[in-house]
Every structure is written in C-alpha cells, then in structure tokens.
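>>> From the sequence below, what's the structure:
(2 chains, ligands or ions: 2)
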Amino acid sequence: MSTSVRSDPAAGRPAAGNPGVPVLRTLAAHTWWMTGRRLKVLAKQPAFVVIMLVQPAIWLFLFGNLFRRVVELPGFGAGDYLDYIVPGVVVMTAVSSNMWAGMGLLEEIERGTLNRLLTTPVFRSAIMNALVAEQAISTAVQVLAIMLLGLLAGADYPGGVAGLVVLLVAALLLGTVFSALSNTIGMLVRQRETIIGVNTLLLLPLTFLSSAFMAESLMPSWMRAIADANPVNWALDAARAAMTADPDWGVVAVRCGWLALAAAAMVFLSTRTFRAYQKSV
Amino acid sequence: MSHAVTADQLHKSYPGGVKALDGLSLDVRAGEVFGLLGPNGAGKSTTVKILTTLARPDSGTAVVAGHDVLRHPERVRREIGVVAQRSALDPMASGRDNLTLQGRIFGVRGTALRRRVGELLDRFDLTGAADRVVRGWSGGMQRRLDVALALVHRPGVLFLDEPTTGLDPEGRAAMWAEIGRLAADESMAILLTTHYLDEADRLAARLAIVDGGRIVAHGTPAHLKEELRGDAVHLELRQPPDEPTARQVIALVPGLREVALDGRRLSARADDGAAAVPAALAALESAGIGVAAVTVARPSLDDVYLRHAGRRFAA
Ligand SMILES: Nc1ncnc2c1ncn2[C@@H]1O[C@H](COP(=O)(O)OP(=O)(O)O)[C@@H](O)[C@H]1O
Ligand SMILES: [Mg+2]
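Numbering: from 1, shown residues only, chains lettered A, B, ... in the order given. Ligands and ions are numbered 1, 2, ... in the order given. Prediction:
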C-alpha cells in the first residue's frame, strides 16, 4: 500500500521499552496505532461517515438517471448505463474523498499533535503510513458500499468477484495518488484555501476527461489524448477491462502498473515534503 | 551524569533571515528545575524544539539525558517528556485515550499502562472527565492533560514550554504546585520556559535570561538579585525627556548608579534608595524634568532583566 519509508533514525534498532522486538513488528504496531488513532476520529463523527456514504449514492442515482439514454448513442458500446457507471462513480468517489487528506494533515500540524508525536519514539514512517492506510480504509468502505448499492439497483457485474477486486485495487491506488498529492500540498502551503481551490479545480475535469460517465470513443480526439494521460482513466481502463465477462488481463496489469508507479511517486514526493516540513519546524 | 541537559553554542536561523538562536548555551543539572526566562521571540521555544529533537540547529551541540540530540535523537526521545507551548492533544479522543496511546508509544503495556493512566488522571484531577472527548474540556484541564501526557513513561528530563501561559490565576497556582511536586518527589530534571518573572522566581532553582537568541544572565534567582546591590529606584517622568540631559542630571546625584532610561521610565540602583530619592527629585525638577511618580523597591527579577537585556521586561 505504501512504499516503505526509511527515514527512521530508529530503524535498525528495537523501539522503546521492547528490547528484542523485531523492527518490522514494531513498525507494524506503530502504523496500526497511528491509523487507529485517525480512524477513531472518523468514527466519532457519524454525520461525516453518513455523508461519505450518501454522496456516492446520490451520484449513482443522479448520473444513472440523467445520462441513462446515452448508451443508445451509436458507438457507445455498453448495454446498460448503470453497469457502465458503477466503476465511474467508484473512481470519482476515490478521487474526491482522497483529495481532502491534506486537510487532516494540516489540522495535525496546526494542533501541534504532529509535533508532539515527532518528539516521541514513534516511527516516523508509521506516521506517514498511517496517512495512507487511513485513506485506504475509508475509501475501501465507500467502494464496497457503492458496489453493494449498484447490485441492489440492478447492476450486473459480469466480471464477477475478480472484476470487483480489480476495481477496488484500482480505486485504492488512485486514491493514494490523490491523498499523497493532497498531503504534499497541505504541508507545502499550510493553507486550507489552497487545498479547497485545487480540489474544486481538479475534480470535475479529471472525472470528465475519463471514461467515467462517457465512452472514450465518443469524446473529441483532443479529449481522448488528455484522457490517456489521466490516472483517473487508467483506473477506469483497468476496472472496465476486468469487469467484463471476458477480461483482458494485459490491460489490467499495465494500467494497474502505471497507477502503482504514480502512487509510489506521489508517496515518495510527500515523504520528501514531510522531511522538508521537519526542517521548517 | 550530573547534567541532564547541556547545550553548547546553539545557532539557528529560520528561512527569511530570522536568527532565532545566536550562540545559546545552557546546562540543566539532574533533579533541578531550570528556568529559561525571556520575552516573546527570545528563542525559548526554538531551544526547546532543538533539545527535544524536533528541530535541528544550524550549528552547536546538545546532549540530553546522556545522548547527543543530533546523533541519537531516537535515544533522547525515549528519555524525555515534552509539553509544547501550545496544547497538543487529540481533540476528538477522550483524556484516557490520549494518555493510553502516548503510553503505548513509549512501550508501556497492559495493566501497568492502565494503572499509570489512572494514576495520572487522579493526580491531575481529571478523573471525572477522563472518558469525555477532550475538545469540550476547559483550557486549564487541557493543559494539565498535556503535562500528564508528558509524564506517562516517567521521563528523566521534562521540558515545559510556557506551561502556565493562558491559564487563569487558579490554574497557574495549581500548575505551580504540581511542578514543584514533580521536582521534589520524582527528582526529575525540568527545563521550564516562561515569560513570567514571578514564575521563574518561584519555581526555578537556577535560571537563565534569554534575549535575542542568547543567554544574557544566569544563576540562582537570589544570586541574580544580589548582583544588583541595594534598592531599585524607579522614576516615572511626566514626558519622555531629552535623553542626554536627563542622564547628565541623574549622573550627578550622589548614591545613584546603573541608570537606565526607557521612554518615560527612569531606573537606577541605590545602596539606600530612600536617601537618594529627594536629591534625584530636586535635580530633575531644577532641570525642568517633571516627575510623576517614584517607587523604591527591593530588586526583583524584573530589575535583573532590565539590567541585562537593557530594557524593561515587556511580557
Ligand atoms: N518555524 C519558524 N519559522 C520561522 N521563524 C520562526 C519559527 N519559529 C520561531 N521563529 C522565529 O524565531 C524567533 C524565536 O522564536 P521562539 O523560539 O518561538 O521564541 P520564544 O519561544 O522565546 O517566544 C522569533 O523571531 C520567531 O518569529
Ligand atoms: Mg515560545
């Protein structure tokens, strides 16, 4: 999920009070505590959790009804629009919720909790891993909810469980790209307005410059060119290739590979920024 | 190891050219409360950040609890407790959860952890609110929890960065009592920063006055005050005087020395303050400098600060 971050001065030696406990186990424990700590905050805000789940439901309902008849366009290539937009809504949700990750990190910086943790023996990489893990867990919950909702609304998943697993993995990788980006921006600018601005600017173009709601074959050619370079579209290509009755595993592997690379690059960038942050304290 | 903390020639600049520390050195002995006293922007927090491994100095060295902060920050972190200038709690977690997580990070486990958490909640009078989310707590309670958090693993060295700033008088009194108790009962070395003179005077066994990123005076409070022999004479002038004239006039008054002029406030030392005042008043009046008020007092840390930093202590 996260690339391993070797910024620990503590790596290579057992952590506090546990002489002999292998470093990896301690790192795992620290990551678990740091993630649990963030998830508990989420659990204490039930209204937020409800909104997290209702928003994709609304999108599924709105887009599903509004654009239902686009499948009738010649060359669209899909039989049922609901089947078509389940991955679209999943991917859009992954982008839109992970984009806000930087807000949480900014809050930790402003509250001083990040600095407090940094004066304790907690593994520095556990703090970074937790940021990724927290986002991945909440994204996974959202994705599963959308899949279930789609099923209840009558969507077909001809690719079966394997197709859905690919959709989930692609959504998590894509989410990591955007949460790491958001964390980087948050640490760099330390300003909520910038995060809000960037998100507002990016969400719709990223979504509509992909095959989320409209078949790529029906896009103007310049749009298709942009879509090819859009990680959101990579996730959709992978998911759509896996969710058919006759999956194209080559496309799945290549697209997921690119996504994994992009995610690794973004996590790397956010780790570098984290070190720069530590210098600015 | 007789020193819990030694800092040698710390320099630190922040981007933008702010020189936060300019050759600061200090040492804190094992088991003592050491006060770092200075106005806002003097470099107190920067010093604490470096000693607690949060920030790195541009140059200089520091050893805390026997470990070099630059070479072995992870060893230092295990030995210290830190209370930052601003409260740093997880607002959406309960007091008990905050303490429990902090304990886990330091390797305290199971029943030992539960017992320690209960003990600290009791000690800081937080048991009643322990299972409520911290966000709704009063400022004083949050500050006490900050200190409790720093103590969960029984550190040998405790850093308290302005622990009473923003507390009401009752809260301050309670915090003072607690800090006094920590030093006495747990033989912990405590580095306390403050911009309250009375706080440093009351709590610190030794203190250093920091100004402009360096130490301008250090010693025991009593020693620092003794250095200023005699009384402090403060004259409040009716208007800011012509400085050379005022200095010239006052210099001729027998028994006054170490004259400092800061706006309308003129301060000096005198072996016998009461005897020097009439002559000073007469000399100023005849030079046309009106005096609004006069006070004569035993030297305070405020006077120590004035003497060494060259201006009034403006907290
Ligand atoms: N993170 C930072 N970035 C830039 N400047 C800083 C930072 N922290 C402190 N400073 C500056 O360094 C100087 C010393 O600050 P500080 O150590 O916080 O003083 P004190 O705690 O005594 O009030 C001040 O001029 C302050 O503005
Ligand atoms: Mg400060």
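>>> which residue does the stretch 101-250 of chain B bring closest to chain A?
residue B:107 (2.3 Å; CB to the nearest CB). (C-beta placed from N, C-alpha, C; glycine too.)
>>> tell me which element that residue is part of?
Residue B:107 belongs to no helix or strand when assigned by DSSP states H and E.
>>> for residue B:76, same thing?
Take DSSP H and E as the rule and residue B:76 turns out to sit in helix B:73-79.
>>> mean confidence score for that helix?
Taken as a whole, helix B:73-79 has an average pLDDT of 96.
>>> tell me the pLDDT at residue A:20?
Here, the pLDDT recorded for residue A:20 equals 54.
>>> Over to residue A:272?
With respect to pLDDT, residue A:272 has a value of 93.
>>> What residues of whatever helix or strand it lives in count as buried?
Per DSSP H and E, residue A:272 falls inside helix A:249-280. By neighbour count on 16 or more other CB atoms under 10 Å in any protein chain shown, the buried set for helix A:249-280 is A:252, A:255-256, A:258-260, A:262-264, A:266-267, A:270-271, A:273-274, A:277-278.
>>> now do stretch B:55-62
Buried residues in stretch B:55-62, counting neighbours by 16+ other CB under 10 Å, are found at B:55, B:57, B:60, B:62.
>>> Which of those residues fall in strands?
B:60, B:62 (DSSP state E).
>>> still on that earlier bit, any part of the helix holding residue A:272 near chain B?
Yes. Counting by CB under 8 Å from any CB of the partner chain, contacts between helix A:249-280 and chain B involve A:278-280.
>>> the helices in chain B, which residues?
Ranges of helices in chain B, per DSSP state H, are B:44-51, B:73-79, B:95-105, B:110-123, B:139-151, B:169-186, B:197-203, B:221-227, B:243-251, B:273-286, B:301-309.
>>> Just give the nearest non-adjacent residue to residue A:153, would you?
residue A:82 (6.1 Å; CB to CB, 6 or more residues apart in numbering or on different chains).
>>> Residue A:152 is in contact with the one you found, correct?
No. The pair formed by residue A:82 and residue A:152 falls short of the contact definition of CB atoms under 8 Å, at 10.8 Å.
>>> out of those two, which sits in the more crowded spot?
A direct count of neighbours by other CB atoms under 10 Å in any protein chain shown for residue A:82 and residue A:152 places residue A:82 higher, at 19 against 8.
>>> In contact with the closest residue to residue B:299 other than its chain neighbours, which residues are there?
Nearest residue to residue B:299 in three dimensions, chain neighbours excluded: residue B:228, at 4.2 Å (CB to CB, 6+ apart). Contact analysis of residue B:228 by CB atoms under 8 Å, 6 or more residues apart in numbering or on different chains lists B:258, B:269, B:299, B:303-304, B:307.
>>> One more: residue A:224?
By CB under 8 Å, 6+ apart, residue A:224 lies in contact with residue A:216.
>>> what residues does the stretch 1-150 of chain B put near ligand 2?
B:44-45, B:85 (CB under 5 Å from the ion).
>>> Just the buried residues of stretch B:190-199, please?
Applying 16+ other CB under 10 Å to stretch B:190-199 flags B:190-197, B:199 as buried.
>>> and what of stretch A:207-225?
Across stretch A:207-225, burial judged by 16+ other CB under 10 Å covers A:207-216, A:219, A:223.
>>> just those now: which is nearest residue A:87?
Lowest distance from residue A:87 to those (CB to CB) belongs to residue A:212, with 7.6 Å.
>>> Just the element for the closest one, please.
Using DSSP H and E, no helix or strand contains residue A:212.
>>> The nearest residue to it once chain neighbours are set aside: neighbouring residues, count only.
Excluding the flanking residues, the one nearest residue A:212 by CB to CB, 6+ apart is residue A:88, at 3.5 Å. The tally of other residues near residue A:88 (other CB under 10 Å) stands at 25.
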